[in-house]
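Q: I'd like to go over a predicted model; first the sequence, then the structure.
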Amino acid sequence: MKVATWNINGLRARLDFVLAWLADRQPDVVGLQELKLQDEKFPHSAFEEIGYHTACHGQKAWNGVAILSKEKAEVLARGLPGQEDFGSRLITARVSGLNFTTLYCPNGKNLEHADYERKITWFDDLAAHLIREHDTDSDTIVCGDFNICPSAIDSWQGDASEGEIFHTVAERSRLQAVLDWGLHDLFRHKYPEEQAFSWWDYRGGSFHRGHGLRIDFLLASASVRDRLVEVEVDREWRKKKNDLTASDHAPVVATLS
C-alpha cells in the first residue's frame, strides 16, 4: 500500500502533471495541498477517469487541500476549528483503513509579519484538535506541507539557518507537540541521518544546486510506523516533464505492508 503527500502549487496549472504522476506511481491514498481553487472548480471527473475518488476543501486562489484515493473515502472533517479565517488547510477522511489527514500549514512569511504569530497559534490549535478528535491507538496518518524544518539537517544551510523563519524554536516546539501526541516522522524514522529535501525555490537553480528544505512530512501513529517498508522523496517528479512544469515541492511517498 502506498500513501503520499504533495504540495502541488496550484491544481489548475498542475493537473496534467499530477495525473501523469498518478498513472506512473499508482499510490493508493494521496494528500494534496495548495490547490488554489474553489470546491466547485475541483476537477473530480479527471481523477475519476483514472480510478481515483476525490474529496476536497478548497478556496479561491489560495490554500486548499484534497484527498485522492483508490477506495472511496468517508470525509470526517473539513477545516481546523477556530482557524477558518486562515483558509482551507485541513481535511480528514477514513480511507483504506486509515484515519488520514492532510494539512497545508501556514507559511508565516517572516518573523516580523503578523502571520508568523498566527502560524504559532494555528499549530497550537492543530495540536489541541488532534488530541480532542483523534486517537493514536488507531492507524493514523497526518501529512502535508508543514512549513517547518525540524532540525538543521533538514535545511541546505544547516545551522546557518537557525532562528530564521521555518527554523525557529517556537515553530519547532509546535511541530514537536504534534509529534509528542503520538506521531512519528516516517522519513526520519527510516533514515535518521540522511539529508533529503522536499522543496526547492524555483529561483537561482536551487533544485540543481541542492538548495532545499525538508518541510513535507508523512507523520504516522506507531501502528502505521511499524508497517513501514520504504519512504522516499520522489525527486524525479520535481523535474519538468516534456512541456509540463513541476511544482516547487516533490511528492513524499511511503510504502506500507
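A: Looks like it arrived, so ask away. Please read these numbers as outputs of a predicted model, since none were measured by experiment.

Q: Am I right that Leu76 is in contact with Val95?
A: No. Using Cβ atoms under 8 Å, Leu76 and Val95 do not qualify as a contacting pair, with a distance of 9.8 Å. Every residue, glycine included, has its C-beta placed from N, CA and C.

Q: Give the residue from the two that has the larger number of neighbours.
A: Val95 (24 against 16; other Cβ atoms under 10 Å).

Q: Grab the nearest non-local neighbour of the more buried one.
A: Of all residues not flanking Val95 in the chain, Ala73 sits nearest, at 3.7 Å (Cβ to Cβ, 6 or more residues apart in numbering).

Q: Glu162 too?
A: Leaving aside its chain neighbours, Glu162 sits nearest to Ala152 (6.9 Å; criterion: Cβ to Cβ, 6+ apart).

Q: give me the number of residues near that neighbour?
A: Under the neighbour criterion other Cβ under 10 Å, Ala152 is assigned a count of 14.

Q: residues touching it, list them.
A: Taking Cβ atoms under 8 Å, 6 or more residues apart in numbering as the contact definition, Ala152 lies against 158-159, 161-162.

Q: Quick check: which element contains the residue nearest the centre of the chain?
A: For the chain, the residue nearest the mean C-alpha position is Gly144 (1.4 Å; Cα atoms, centre = their mean). Using DSSP states H and E, Gly144 falls within strand 140-145.

Q: Could I get the buried residue list for that strand?
A: Along strand 140-145, the positions that meet the burial threshold by neighbour count (16 or more other Cβ atoms under 10 Å) are 140-145.

Q: quick one, what contacts Leu80?
A: Taking Cβ under 8 Å, 6+ apart as the test, what Leu80 contacts is 86, 89-90, 122, 125-126, 129.

Q: how about it, secondary structure?
A: Here Leu80 takes the coil state, with states given by DSSP: H, G, I helix; E, B strand; the rest coil.

Q: ok, for it, nearest residue in space, not its chain neighbours?
A: Closest residue in space to Leu80, ignoring its immediate chain neighbours: Leu90 at 4.7 Å, by Cβ to Cβ, 6+ apart.
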